[in-house]
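Chemist: give me a model of this one.
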Amino acid sequence: MKPGTDDERSLISARTFRCRGAYARDPERIVVLTWEHSPTCDIYLRGRLRNAGLPVHYWILGRAPPVSLNGAFVIVVRYVDSAALKALERAGASLGGFAYLLDDDMAAAIGDRSLPLHYRIYMAHFWLRYAGRIGALASELWLSSDVLARRYAAAGDVHRIDPAPLRFALPSERPSNESGNVSIFYHGQKTHRADRKWLRDVMRPVLEDCPNCEFEIVGGPEARRFYGGLPRVAVRPPLPWPEYWQRSQTTRLDIGLAPLVPTPFNSARSWTKYLDIARFGAVGVYAAGEPYESVVTDDRNGILRPACDKEAWSDALIALVRDRALRERLTGAVDWPSGTKTPPTLERLAYGEKL
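Modeler: Numbers count the residues shown, from 1 in each chain. Below you'll find the model as predicted:
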């Protein structure tokens, strides 16, 4: 990365973020500010907070706070808007705490040219408008990957948070795929454009060599044009999060893909695709290195391959398609990751211990 580039400037803006909030009041309730349908909230918070010792209230962006903010420990999930920020600023020192949960590096998105322009503009608008005001209120920062934690290390009270969704049926607990065809899928959406393009060269020899396999990818007209010359490719439109969650638990697929083209935005991602793949009852092929090596052991509960080696990915997929016993052995070992990290404050809130 050359000095003075957009990528460097956006990463510097992450390093200048500071948590400046300080609160003396004991929390009386938990208030989670989130979009109404938020995968981040569902994957990182709802499961942890369902048996919390304090009352939990979900404050939907665009609406008024559901309860008084006096004495509330507020968790902001990624986004705020002007009305919510004004309400939080009015509450000020009467809050019982304020945590900001980030599962992507918004600042890095600003300068990452692999992302769609409209997404970069949205992130730039959000970050430049709100980051300073969020930092003035936040007493701690919860981050979803080691890379994010390193980038924001100077922010103050910084903690890692790993995915911990409500439990679902693991691959070994799902009905077998009896169709005879082997389904491969990649469900990255608009922020995964670079990965979608990279996978075309991976999938071409697999589809040519294995007539019993089919490939499912999420996208729109751009993806349909890009994959148009390949056989047995289904391009599915993106689903709203609740519908996608439901489909992932009622549809059995065989092999899920989690590539990670090296970009500033991609490098800060967490390992949530391990869970996405497991919900479909599948085994995964993952980019080696961070973050997947923390949850995947190669040839035990998945396959790890170098992030930029297309031939190695194609070979691994061809082997998986041809060897049903191998797929079954690997899916049988897919389990809940151990040693997942939870911020200490969230641990205490979730179990009702006094802060």
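Chemist: what segments of the stretch 101-250 of the chain are helices?
Modeler: For the stretch 101-250 of the chain, applying DSSP state H, counting those that start in this stretch gives helices covering 106-111, 117-137, 146-151, 193-209, 221-226, 241-250.
Chemist: middle-most residue in the protein, spatially?
Modeler: The chain has T272 as the residue nearest its centroid, 4.9 Å off, counting by C-alpha atoms, centre = their mean.
Chemist: might one say that it is in contact with P163?
Modeler: Yes - at 5.3 Å, T272 and P163 qualify as touching, with contact defined as C-beta atoms under 8 Å. Every C-beta, even on glycine, is put in place using the N, C-alpha and C of the backbone.
Chemist: list the residues that contact both of those two?
Modeler: Common neighbours of T272 and P163, counting by C-beta atoms under 8 Å, 6 or more residues apart in numbering, are I43, S144.
Chemist: please report phi then psi for Y274.
Modeler: phi -60, psi -40 (degrees, to the nearest 10).
Chemist: any idea how far it is from P175?
Modeler: From Y274 across to P175, the span is 21 Å (C-beta to C-beta, to the nearest Å).
Chemist: looking at the two, which is more packed in?
Modeler: Y274 (23 against 8; other C-beta atoms under 10 Å).
Chemist: that older thread, can you tell which of the helices of the stretch 101-250 of the chain is closest to G97?
Modeler: helix 117-137 (10.1 Å; C-beta to C-beta).
Chemist: tell me what angle that closest one forms with helix 193-209.
Modeler: Per axes from the mean of the first three to the mean of the last three C-alpha atoms, to 10 degrees, the angle that helix 117-137 makes with helix 193-209 is 130 degrees.
Chemist: OK, contacts around Y44?
Modeler: Shown in contact with Y44 (C-beta under 8 Å, 6+ apart): V77, L101, D103, W142, S144, I161, P163, A164, P165.
Chemist: could you report the neighbour count for the fifth one?
Modeler: A total of 26 residues lie near S144 under the criterion other C-beta under 10 Å.
Chemist: so what's it up against?
Modeler: Contact analysis of S144 by C-beta under 8 Å, 6+ apart lists Y44, L101, L102, D103, D104, R160, I161, D162, P163, R269, S270, T272.
Chemist: and the second one, how far from R63?
Modeler: As for L101, its distance to R63 is 19 Å (criterion: C-beta to C-beta).
Chemist: the fifth one now?
Modeler: Computed with C-beta to C-beta, the distance linking D104 and R63 is 24 Å.
Chemist: for stretch 127-143, which positions count as buried?
Modeler: Across stretch 127-143, burial judged by 16 or more other C-beta atoms under 10 Å covers 127, 130-131, 134-143.
Chemist: wait, stretch 63-82
Modeler: For stretch 63-82, the neighbour count (16+ other C-beta under 10 Å) marks P65, L69, G71, A72, F73, V74, I75, V76, V77, R78, Y79, V80 as buried.
Chemist: mind checking the end-to-end distance for that stretch?
Modeler: From its first residue to its last, stretch 63-82 covers 11 Å (C-alpha to C-alpha, to the nearest Å).
Chemist: so how far is that stretch from its chain's centroid?
Modeler: With C-alpha atoms, centre = their mean, to the nearest Å as the basis, stretch 63-82 stands 22 Å off its chain's centre.
Chemist: ok, now stretch 274-285?
Modeler: The chain centre lies 14 Å from the centre of stretch 274-285; the measure is C-alpha atoms, centre = their mean.
Chemist: which residues in the chain form strands?
Modeler: Secondary structure of the chain (DSSP state E): strands at 29-34, 56-60, 72-77, 97-102, 140-143, 158-160, 182-186, 213-218, 233-236, 255-258, 283-287, 303-305.
Chemist: how about the ones you listed in TSV, adding mean pLDDT?
Modeler: TSV is the format used below for the strands of the chain (pLDDT from 0 to 100):
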stretch	mean pLDDT
strand 29-34	98
strand 56-60	98
strand 72-77	98
strand 97-102	98
strand 140-143	97
strand 158-160	97
strand 182-186	97
strand 213-218	96
strand 233-236	96
strand 255-258	98
strand 283-287	98
strand 303-305	98
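Chemist: any chance of those strands in TSV, plus distance to R200?
Modeler: Converted to TSV, the strands of the chain look like this (distance: least, C-beta to C-beta, whole Å):
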stretch	distance to R200
strand 29-34	35
strand 56-60	39
strand 72-77	33
strand 97-102	31
strand 140-143	32
strand 158-160	34
strand 182-186	10
strand 213-218	9
strand 233-236	9
strand 255-258	12
strand 283-287	15
strand 303-305	16
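Chemist: out of these, which one sits most buried?
Modeler: strand 72-77 (a mean of 27; mean count of other C-beta atoms under 10 Å).
Chemist: re earlier: of the helices of the stretch 101-250 of the chain, which stretch is the most buried?
Modeler: helix 106-111 (a mean of 25).
Chemist: which elements pack onto that helix?
Modeler: The contact analysis (3 or more C-beta pairs under 8 Å, 6 or more residues apart in numbering; DSSP states H and E) places helix 106-111 against helix 6-15, helix 117-137.
Chemist: sorry, back to before: so which of the helices of the stretch 101-250 of the chain is nearest W59?
Modeler: W59 lies closest to helix 117-137 among the helices of the stretch 101-250 of the chain, at 14.3 Å (C-beta to C-beta).
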